[in-house]
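In: sequence and predicted structure, then a few things I'm wondering about:
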Amino acid sequence: MSTIAFLGLGHMGGPMAANLVQAGHTVRGFDPVPAAQEAAASAGVGMESAAADAVAGADIVITMLPNGALVLELYAEILPAAGPGTLFIDSSTIDVADARNAHDQAVAAGHAMIDAPVSGGVVGAEAGTLAFMVGGDEATFERAKPVLEDMGRKIVHCGAPGNGQAAKLCNNMILAISMDAVSEAFVLGEALGLSHQALYDVASNASGQCWALTTNCPVPGPVPGSPANRDYEAGFAVGLMAKDLGLAANALREHGVAGELGLRMAERYAEMRDAGRAANDFSDIINDIRDKSRK
Ligand code: NAD
């Protein structure tokens with residue numbers, strides 16, 4: 001069992017740290033928000049009053065923060081406070097470039113680091129069933145794998161530092177584009193007099209088949225568990241999709257990739273977020289399409 005510093009105990013980090021306590025690790029935490037501190041303390045996390053105090057003497061340091069700027073800012077504070085050869089794991093969703101920068105700084109300070117963003121949401125964090133997408137060298141991946149398995153079910157090594165973030169951004173870009181495609185098809189079907197069930201029965205057994213259709217179906221009825229059946233309660237919220245697509249759009253621009261649909265989806269989800277739909281499930285894009293369609 002390890003001594004683990006867990007920094008960032010919000011919606012995701014709180015339950016992830018609780019699972020590490022359940023697995024028998026000694027977990028020390030820091031989060032500036034009192035509600036997060038109290039929830040983590042009641043789950044058995046030993047709370048410290050500064051990040052550097054949580055990190056001193058820890059074998060492993062896990063961060064779960066809102067963005068890359070905060071990760072880099074916190075790394076500047078904690079890398080010198082950690083003992084030599086500490087394993088750093090950043091599970092936040094951040095820019096690939098920020099992840100590589102964080103990795104280089106950790107290594108320069110004498111530590112090992114992987115980026116290990118997750119999918120599975122708060123439900124997966126609570127159940128310990130997250131999927132981890134990992135970037136880093138093989139030896140560091142193998143060192144981190146047992147602790148990731150205490151918080152998740154599927155652990156995929158995606159290659160060099162930053163590649164975990166790359167996989168996450170690419171996957172979510174596919175997800176947004178496919179959800180938009182499925183939603184446009186349902187709205188076109190409505191205009192053509194085609195029932196939702198008929199289109200579902202055809203497309204789910206034909207070449208239109210995809211997760212956005214058969215698991216997160218944007219119309220109520222064909223898939224009873226999808227968020228559309230509960231008035232688009234998330235699920236995977238528009239605000240989080242907008243964030244991830246913003247990172248994907250940065251990467252598309254930086255690398256000169258002609259990802260027209262990815263760039264457009266980043267704009268669409270940012271507009272929806274800013275129009276008050278941030279908390280809705282991302283399949284709510286179907287209602288945005290309906291609102292913009294000629295009645
Ligand atoms: P959150 O805002 O609930 O939690 C982030 C926590 O970090 C907050 O409690 C905040 O107080 C804390 N924090 C900020 N600065 C800190 C610092 N310097 N030191 C220590 N703690 C600090 O966000 P979340 O929903 O838990 O998401 C965390 C990350 O996981 C994000 O990068 C997000 O994109 C990603 N993610 C979230 C979900 C989801 O469903 N919520 C799913 C997959 C990935």
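Out: Received it, and whenever you're ready, just let me know what you need.

In: please make it C-alpha for all contacts and neighbour counts, starting now.
Out: Noted.

In: output the lowest mean pLDDT helix or strand found in this protein.
Out: Within the chain, confidence by mean pLDDT, DSSP states H and E is lowest for helix 121-127 among all helices and strands, at a mean of 90.

In: can I get that one in PDB? Just the C-alpha atoms.
Out: Output of helix 121-127 as PDB, limited to C-alpha atoms (Å, rounded to 0.1, in the frame of the first residue of the first chain):
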ATOM      1  CA  GLY A 121     -18.000  10.800 -15.300                       C
ATOM      2  CA  VAL A 122     -18.900  11.100 -11.600                       C
ATOM      3  CA  VAL A 123     -20.800   7.800 -11.700                       C
ATOM      4  CA  GLY A 124     -17.700   6.000 -12.900                       C
ATOM      5  CA  ALA A 125     -15.600   7.900 -10.300                       C
ATOM      6  CA  GLU A 126     -17.900   6.800  -7.500                       C
ATOM      7  CA  ALA A 127     -18.200   3.200  -8.700                       C
END
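
In: after that helix, next one along is what?
Out: strand 130-135 (DSSP states H and E).

In: can that next one be found next to the ligand?
Out: No - using CA under 6 Å from any ligand atom, strand 130-135 never reaches the ligand; the gap is at least 8.9 Å.

In: list the buried residues for that strand?
Out: Under the neighbour-count criterion of 16 or more other CA atoms under 10 Å, strand 130-135 has 130, 131, 132, 133, 134, 135 buried.

In: in TSV, list these along with pLDDT.
Out: Formatted as TSV, these follow (pLDDT from 0 to 100):
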residue	pLDDT
130	95
131	96
132	98
133	98
134	98
135	98
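
In: coming back round to it: so which elements touch the least confident helix or strand of the chain?
Out: helix 13-22 (3 or more CA pairs under 8 Å, 6 or more residues apart in numbering; DSSP states H and E).

In: what about the helix it packs on, average pLDDT?
Out: The predicted model assigns helix 13-22 a mean pLDDT of 98.

In: could you list the residues in contact with that helix?
Out: Helix 13-22 is contacted from outside by 6-9, 26-27, 36, 39-40, 43-45, 63-64, 122, 125-126, 128, 147, 150-151, using CA atoms under 8 Å, 6 or more residues apart in numbering.

In: let's see 7 Å
Out: 6, 27, 40, 43, 44, 45, 64, 125, 126, 128, 150, 151 (CA atoms under 7 Å, 6 or more residues apart in numbering).

In: and for stretch 88-101?
Out: Counting by CA under 7 Å, 6+ apart, 60-68, 112-118, 161-162, 165-166, 247 sit against stretch 88-101.
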